[in-house]
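Colleague: Structural data only, the sequence is not supplied:
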């Protein structure tokens with residue numbers, strides 16, 4: 001991790017509020033638009049437990065404060081309740097995953113205005129690819145322990161009125177790989193399975209998505225005056241079958257900033 005952070009600058013270990021301040025400032029000097037912290041252990045990390053809290057409230061508050069000075073917000077990767085509560089007390093903008101959240105967490109999210117980004121796709125994909133040997137054994141053990149709990153947590157958050165935004169945790173490229181670029185459209189279908197209506201799932205992916213960036217939220221996700229003309233057209237009704245969003249073949253046109261990049265006009 002130390003070597004990786006020196007070479008790439010994407011990840012940083014920090015212990016204590018002072019180091020957390022320094023780490024956040026380093027990312028801001030690289031023009032990071034968002035600061036993300038691992039407030040709990042993870043599934044793919046080998047030696048930690050997803051339930052365990054990894055930063056103290058004072059450490060998280062230091063990061064949130066520094067980010068806020070530059071109009072940035074903080075996203076907290078977090079599975080376990082202790083980390084979720086600590087992150088919310090510190091003022092993070094989003095909880096990523098939220099596997100072990102309960103009623104108290106849902107209430108705290110509503111009160112603070114924090115947004116849940118469930119990222120159900122990565123869990124579904126890892127479960128589907130487990131037989132191919134793609135997922136290490138230690139990760140599968142953790143994944144199997146939390147998969148159903150995570151599904152129940154997303155449903156609970158929705159039923160308690162927490163704000164939900166679509167996210168996928170996508171980081172790979174390749175159609176034969178789990179959770180790869182180009183597969184983003186399957187996430188709304190998972191949200192529908194967990195309780196959202198098709199329209200609510202689409203809203204989570206469009207209108208609510210930009211709000212995860214706080215003051216730096218782009219003017220996107222809505223068909224409204226003053227917003228970027230980022231639009232897709234489909235050959236089927238996603239309100240009747242949300243699954244059409246998962247198949248790029250159903251996307252007949254794409255506009256970004258009012259410029260068509262897919263469809264008949266783009267080919268000319």
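Modeller: Yes, it's here. Given the structure is predicted, the values throughout are model-derived calculations rather than measurements.

Colleague: Can you tell me the closest non-neighbouring residue to residue 191?
Modeller: Distances taken as C-beta to C-beta, 6 or more residues apart in numbering put residue 201 closest to residue 191, at 4.2 Å, once the chain neighbours are dropped. C-beta: built from backbone N, CA, C; applies to glycine.

Colleague: can you pull out the strands in this protein?
Modeller: In the chain, the strands defined using DSSP state E lie at 35-38, 74-78, 94-97, 115-117, 163-164, 231-234, 251-256, 259-262.

Colleague: Which neighbouring elements make contact with the shortest one?
Modeller: Pointing back at strand 163-164 there. With contacts taken as 3 or more C-beta pairs under 8 Å, 6 or more residues apart in numbering; DSSP states H and E, strand 163-164 sits against strand 115-117, helix 137-159.

Colleague: What is the first one packed up against?
Modeller: Strand 115-117 sits against strand 94-97, strand 163-164, with contacts defined as 3+ C-beta pairs under 8 Å, 6+ apart.

Colleague: And for the longest one?
Modeller: For helix 137-159, the helices and strands in contact under the criterion 3+ C-beta pairs under 8 Å, 6+ apart are helix 103-112, helix 120-129, strand 163-164.

Colleague: Mean neighbour count, the ones you listed: which tops it?
Modeller: strand 163-164 (a mean of 22; mean count of other C-beta atoms under 10 Å).

Colleague: so how far is it off the chain centroid?
Modeller: Distance, stretch centre to chain centre, for strand 163-164: 11 Å (C-alpha atoms, centre = their mean, to the nearest Å).

Colleague: Ok, stretch 209-218 next?
Modeller: Using C-alpha atoms, centre = their mean, the offset of stretch 209-218 from its chain centre is 13 Å.

Colleague: Give me the buried stretch members for that stretch, please.
Modeller: 209-214 (16 or more other C-beta atoms under 10 Å).

Colleague: Could you report the pLDDT at the spatially closest residue to residue 71 that is not a sequence neighbour?
Modeller: Among residues not flanking residue 71 along the chain, residue 215 sits closest, at 4.1 Å (C-beta to C-beta, 6+ apart). Confidence at residue 215, expressed as pLDDT, is 96.

Colleague: tell me the contacts of residue 215?
Modeller: 71-73 (C-beta atoms under 8 Å, 6 or more residues apart in numbering).

Colleague: ditto for residue 209
Modeller: 165-167, 221.

Colleague: can we see that at 10 Å?
Modeller: 115, 117, 165-167, 203, 217-218, 220-221 (C-beta atoms under 10 Å, 6 or more residues apart in numbering).

Colleague: Quick check on those residues: which are buried?
Modeller: 115, 117, 165-167, 203, 220-221.

Colleague: between these, which is nearest residue 174?
Modeller: residue 167 (20.0 Å; C-beta to C-beta).

Colleague: Chain neighbours aside, what residue packs nearest to the closest one?
Modeller: Nearest to residue 167 is residue 117, by C-beta to C-beta, 6+ apart, at 3.7 Å.

Colleague: what sits against residue 247?
Modeller: Contacts of residue 247 by C-beta under 10 Å, 6+ apart are 183, 185-186, 234, 236.

Colleague: Could you list the low-pLDDT ranges of the stretch 101-250 of the chain?
Modeller: Under the criterion pLDDT under 70, the flagged ranges of the stretch 101-250 of the chain are 130-134.
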